[in-house]
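K.L.:
Here's my sequence, what's the structure:
(one chain, ligands or ions: 1)
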Amino acid sequence: MGTAAALAIVSVLCWAALAAVRGSHVVYPELQSLEAKEVATELRTGYHFQPPKHWINDPNGPMYYKGLYHLFYQYNPKGAVWGNIIWAHSVSTDLIHWVALQPAIYPTRPFDVNGCWSGSVTMLPNGVPVIMYTGIDPHKHQVQNVAYPANLSDPFLREWVKPDYNPIIIPDRDINASAFRDPTTAWYGPDGHWRLVVGSKENMRGTAVLYRSRDFKKWIKARHSLHAGLTGMWECPDFFPVAVAGGSRHHQSGVDTAELHNRVVAEEVKYVLKVSLELTRYDYYTVGTYDHDKERYTPDPAFPDNDYGLRYDYGDFYASKSFFDPAKKRRVLWGWANESDTVVDDQHKGWAGIQAMPRKIFLSRSGAQLIQWPVEEVKSLRAKHVNVSNKAIKSGKYFEVTGFKSVQSDMEAVFVIRNLDKAEKFDPSWRTNAQGLCKNFNSHVKGGVGPFGLWVLASDDLEERTAVFFRVFKTNDTNYVVLMCNDPTRSSYESQIYRPTFAGFVNVDIAKTKTITLRTLIDHSVVESFGAGGRTCILTRVYPKKAIGDDAHLFVFNNGESDIKVTNLHAWEMKTPTMNKLLEQ
Ligand code: DQQ
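P.N.:
Predicted coordinates for the structure are as follows:
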């Protein structure tokens with residue numbers, strides 16, 4: 001084995017040991033069919049997507065059809081832990097208010113008798129949406145199946161039909177049948193073939209196994225995968241085009257996956273491959289090029305193609321799936337945020353798992369990374385508003401943002417750093433370990449420039465608080481590194497709860513701008529933050545005991561030597577949308 005390969009494996013193993021988010025496939029046979037007797041409401045989210053009870057995981061097959069957004073998701077109808085997995089189904093006109101329908105896909109046939117796992121929707125050129133999902137067959141093999149709407153004139157698409165010719169893709173003898181799942185949205189090539197990839201692994205090699213088909217029925221495996229890497233199993237791959245700045249469309253506009261076949265369009269787009277690494281439980285992406293003829297995706301050299309690479313979110317956000325929204329010509333990203341309390345807590349709560357707020361996702365103007373931002377419809381929930389402007393926070397000081405209830409809120413702040421001289425020295429070996437850096441230099445550790453930011457879901461005595469903050473380091477006299485952190489170590493005084501610090505670096509030229517922005521969506525047990533206009537995102541789950549309801553406070557703090565100024569801070573209470581009210585059928 002080469003040194004590079006050995007290093008890659010060591011890195012995977014280290015990450016596996018550090019795995020930060022609880023796994024989805026932990027099976028608790030005695031709990032998985034235990035109906036929740038009660039539903040604890042205290043920490044339930046107000047405006048993040050959640051069903052009335054029980055376990056949820058991956059978002060599946062999001063799409064827009066006849067005026068409605070559809071979201072399917074992995075759901076256990078019988079209990080608050082993973083198991084009995086089906087595709088639950090909800091619809092919305094605005095991605096904010098949701099109505100629950102009857103489940104769309106559930107075990108009915110041998111090809112999915114042991115579960116209906118994740119997958120995607122492809123919109124066929126005649127406007128027919130087709131679901132492709134992973135079924136678990138009687139041998140516990142993972143196979144790929146299709147389902148079609150029973151009635152295309154029903155915008156709710158309530159009923160789905162599984163053709164008898166399923167399964168349409170089965171693992172051949174070169175494929176590990178228990179690691180072969182989560183088909184992507186298909187794209188249509190100039191050669192008249194549909195293509196899609198299925199996530200898999202060969203030993204430690206994660207792969208996006210490529211298939212092609214003329215009729216969406218008979219699928220042939222390509223000779224090589226679309227892409228592969230030594231990072232363990234690739235779950236929930238997502239492959240899609242993004243517009244580049246300077247092309248004919250605005251770089252924030254979404255590009256339909258169906259347009260992948262269009263060679264003219266191809267000049268003006270880059271391609272994104274996202275994989276969910278089973279070992280680290282984070283979603284990583286690269287941006288690169290796709291060669292139709294060679295059927296290969298090649299990441300651009302600037303994007304590390306390993307488990308130190310760029311992530312959608314540096315917190316609790318996994319198994320994400322994007323879709324092209326034709327109504328607003330944008331690409332929207334959904335991601336699952338698991339609980340980080342205990343399974344016993346989940347039993348008591350009667351529920352587990354939420355979806356992060358849907359985010360618009362696009363390539364930055366420079367092309368160096370993807371940008372994510374809560375969809376604009378989130379603003380429709382904004383209610384009572386407070387504003388703080390031009391407020392200096394001296395070293396070691398903090399202040400409370402008063403006059404509104406922050407437990408369910410949306411906050412946008414602009415911080416100005418007057419002087420970078422006091423920034424601490426950055427050790428280059430920290431480059432690959434933002435999370436470790438945040439653990440060592442947490443919000444209580446006094447710094448030079450920062451830590452400064454927010455204490456959210458804080459009790460009035462500050463015994464409980466979750467810190468979302470920045471810290472600036474100096475690599476030399478002119479170059480700086482900005483770290484964004486989420487430190488929940490004091491989020492609750494209850495000790496059983498898993499409280500990992502999460503962190504990522506922020507790609508901003510702080511010496512030039514001297515400014516950094518932060519948007520944070522606070523929702524009872526979720527803190528979802530977007531640093532520097534969505535360059536770095538961190539979602540975390542917290543379980544305060546005291547800082548709940550009206551007793552949750554919001555503070556701005558500065559624990560660095562340098563003074564910071566909040567030039568503008570806007571905060572809004574957020575209304576509660578309709579959340580998965582069952583539609584009378
Ligand atoms: N969850 C699904 C799988 C997928 C995993 C099963 C990712 O299809 O690989 O619930 O969280």
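K.L.:
Report the beta-bridge partners for the closest residue in space to A327 that isn't next to it in sequence.
P.N.:
Residue nearest to A327 in three dimensions, not counting chain neighbours: Y64, with 5.6 Å by CB to CB, 6 or more residues apart in numbering. In short, each C-beta sits where N, CA and C put it, glycine included. Residues in a beta bridge with Y64, per DSSP bridges, are Y69.
K.L.:
Quick check: Y64 touching R331?
P.N.:
No: using CB atoms under 8 Å as the test, Y64 is too far from R331 to be in contact (11.5 Å).
K.L.:
hey, what's in contact with both of those two?
P.N.:
F323, D325 (CB atoms under 8 Å, 6 or more residues apart in numbering).
K.L.:
Which parts of the stretch 201-350 of the chain are helices?
P.N.:
263-266, 343-349 (DSSP state H, counting those that start in this stretch).
K.L.:
Going by mean pLDDT, which of those helices comes out lowest?
P.N.:
Per-stretch mean pLDDT for the helices of the stretch 201-350 of the chain is lowest at helix 263-266 (a mean of 58).
K.L.:
what about stretch 137-147 and the ligand, any contact?
P.N.:
No: against the ligand, stretch 137-147 shows no contacts by CB under 6 Å from any ligand atom, the least distance being 8.0 Å.
K.L.:
can you pull the buried residues of that stretch?
P.N.:
Under the neighbour-count criterion of 16 or more other CB atoms under 10 Å, stretch 137-147 has D137, H141, Q142, V143, Q144, N145, V146, A147 buried.
K.L.:
Might you enumerate the residues of the stretch 1-150 of the chain proximal to the ligand?
P.N.:
So the stretch 1-150 of the chain meets the ligand at S24, N57, D58, Q74, I85, W117, S118, T134 (CB under 6 Å from any ligand atom).
K.L.:
Same list, those residues, but as CSV with neighbour count and pLDDT please.
P.N.:
Formatted as CSV, these follow (neighbours: other CB atoms under 10 Å; pLDDT from 0 to 100):
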residue, neighbour count, pLDDT
S24, 21, 55
N57, 23, 97
D58, 27, 98
Q74, 23, 98
I85, 27, 97
W117, 25, 98
S118, 27, 98
T134, 24, 98
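K.L.:
Can you flag which of these belong to strands?
P.N.:
Counting by DSSP state E, those place N57, D58, Q74, W117, S118, T134 in strands.
K.L.:
got TSV for those, with distance to V542 too?
P.N.:
What follows is those, written out as TSV (distance: CB to CB, whole Å):
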residue	distance to V542
N57	20
D58	22
Q74	23
W117	29
S118	27
T134	32
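K.L.:
closest point of the stretch 351-500 of the chain to the ligand, which residue?
P.N.:
G353 (10.3 Å; CB to the nearest ligand atom).
K.L.:
Do you know the pLDDT at that residue?
P.N.:
98.
K.L.:
Please give me every residue in contact with the residue nearest to P374 when sequence neighbours are not counted.
P.N.:
Leaving aside its sequence neighbours, P374 sits nearest to M357 (CB to CB, 6+ apart; 4.8 Å). Residues counted as contacts of M357 (CB under 8 Å, 6+ apart) are Y47, H48, P374, V375, V378, L521, E528.
K.L.:
Verify the contact between the first one and T576 for me.
P.N.:
Yes: with contact defined as CB under 8 Å, Y47 counts as touching T576 (6.3 Å).
K.L.:
Mind telling me what element the residue nearest to V449 when sequence neighbours are not counted is part of?
P.N.:
Distances taken as CB to CB, 6+ apart put V472 closest to V449, at 3.9 Å, once the chain neighbours are dropped. Element membership of V472 [criterion: DSSP states H and E] is strand 466-474.
K.L.:
And the next helix or strand past that strand?
P.N.:
Sequence-wise, the next helix or strand downstream of strand 466-474 (DSSP H and E) is strand 480-487.
K.L.:
where's that next one relative to the chain centroid, distance-wise?
P.N.:
19 Å (CA atoms, centre = their mean, to the nearest Å).
K.L.:
quick one, it and strand 466-474 angle?
P.N.:
Relative orientation of strand 480-487 versus strand 466-474 (axes from the mean of the first three to the mean of the last three CA atoms, to 10 degrees): 160 degrees.
K.L.:
Please report phi then psi for R431.
P.N.:
In terms of degrees, to the nearest 10, the main-chain angles of R431 are phi -50, psi -40.
K.L.:
Run a quick neighbour tally on it.
P.N.:
13 (other CB atoms under 10 Å).
K.L.:
show me the contacts for it.
P.N.:
Counting by CB under 8 Å, 6+ apart, R431 makes contact with F505.
K.L.:
The same query, at a cut-off of 10 Å, please.
P.N.:
The contact partners of R431, by CB atoms under 10 Å, 6 or more residues apart in numbering, come to Y308, L437, T475, V481, F505.
K.L.:
Buried among the residues you listed? Make that a PyMOL selection.
P.N.:
The following PyMOL line selects those of the contacts of R431 that are buried, judged by 16+ other CB under 10 Å:
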select buried, resi 308+437+481+505
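K.L.:
distance of K512 from I371?
P.N.:
Here the criterion is CB to CB, to the nearest Å. By it, K512 lies 18 Å from I371.
K.L.:
more neighbours, the two?
P.N.:
I371 (20 against 8).
K.L.:
List the beta-bridge partners for the more buried one.
P.N.:
F362.
K.L.:
Who are the contact partners of it?
P.N.:
251-252, 359-365, 530, 532-537.
K.L.:
Just the buried ones from those residues?
P.N.:
Looking at the contacts of I371 with 16+ other CB under 10 Å, the buried ones turn out to be 251-252, 359-364, 530, 532-537.
K.L.:
residue contacts, G531?
P.N.:
Counted by CB under 10 Å, 6+ apart, G531 has contacts 314, 453, 468-470, 482-485, 504-508, 516-520, 537-538.
K.L.:
at 8 Å what do you get?
P.N.:
The neighbourhood of G531, defined by CB under 8 Å, 6+ apart, consists of F470, M484, G504, V506, I516, T517, L518, C537, I538.
K.L.:
Find the closest residue to the ligand in the stretch 301-450 of the chain.
P.N.:
Counting by CB to the nearest ligand atom, the stretch 301-450 of the chain gets nearest the ligand through A319, at 3.9 Å.
K.L.:
how deep is that residue tucked in, by neighbour count?
P.N.:
Residues contacting A319 under the criterion other CB under 10 Å number 24.
K.L.:
ok, now which ones touch it?
P.N.:
Applying CB under 8 Å, 6+ apart, we find A319 in contact with S24, N57, D58, P59, S118, D182, E235, C236, S276, D283, G335, W336.
K.L.:
is the last one in a bridge, and if so with what?
P.N.:
With beta bridges defined as DSSP bridges, W336 has these partners: Y318, Q355.
K.L.:
Good, we can wrap up now.
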